[in-house]
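> Return a 3D structure for these sequence lines:
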Amino acid sequence: MNPERIFIDTNLFLRYLTNYIPEQADAVENLLHQAARGELHLATNCLVIAELVWTLESFYQLAPAAIQDQLFAILNTPGLAIEDSEVVFQALLWYVEKRVDFIDAYDVAWMQSRKIKSIFTFDRKHFSRFEGLSLQIPD
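Residues are numbered from 1 along each chain as shown. The predicted model follows:
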């Protein structure tokens with residue numbers, strides 16, 4: 001019998017990554033171990049990842065490279081499926097490498113995965129850091 005798929009929310013990852021409430025962090029670690037053993041299948045999405053980046057950056061004041069390291073560990077968790085994980089992975093790379101907001105990096109990674117090469121934007125500062133991307137300013 002296949003285990004049920006269960007969504008894992010941002011606050012669980014935050015408890016685990018920050019050890020803010022140790023008992024809850026331990027409970028999440030137990031869930032992740034259960035998933036790694038195939039006892040349950042966890043799933044999450046890119047909005048959870050974006051919320052994690054934002055919270056770790058703004059509230060916990062972590063540097064982008066530290067956030068990237070923690071989220072790479074999450075992405076590589078056995079038994080955890082992340083929607084568009086390849087796009088999220090690329091976005092995390094660019095978030096640090098190009099020194100742009102995670103959401104902007106995600107948008108370009110998402111566009112690239114769908115062969116979209118042009119963007120309408122007023123944000124030249126961040127989007128101009130991506131080679132091969134055609135920036136268009138609406139008139």
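
> so where's the longest helix in this structure?
As assigned by DSSP state H, the longest helix anywhere in the chain is helix 22-36.

> Now do whichever helix or strand comes after that helix: which elements does it pack against?
Using DSSP states H and E, the helix or strand that follows helix 22-36 in sequence is strand 41-44. The contact analysis (3 or more Cβ pairs under 8 Å, 6 or more residues apart in numbering; DSSP states H and E) places strand 41-44 against strand 5-7, helix 22-36, strand 80-82. Any C-beta I mention is one placed from the backbone N, CA and C, and that applies to glycine too.

> and of the ones you listed, who's closest to W54?
For W54, the closest of those is strand 80-82, at 16.6 Å, according to Cβ to Cβ.

> which of the residues in that closest one are buried?
80, 82 (16 or more other Cβ atoms under 10 Å).

> Stretch 62-77 now?
Neighbour-count burial for stretch 62-77 [16+ other Cβ under 10 Å]: 62, 64, 67-68, 70-71, 74, 77.

> Contacts for it, please.
Stretch 62-77 is contacted from outside by 13, 17, 32, 35-36, 42, 49, 52-53, 56-57, 80, 82, 85, 88-89, 92-93, 95-96, 99, using Cβ atoms under 8 Å, 6 or more residues apart in numbering.
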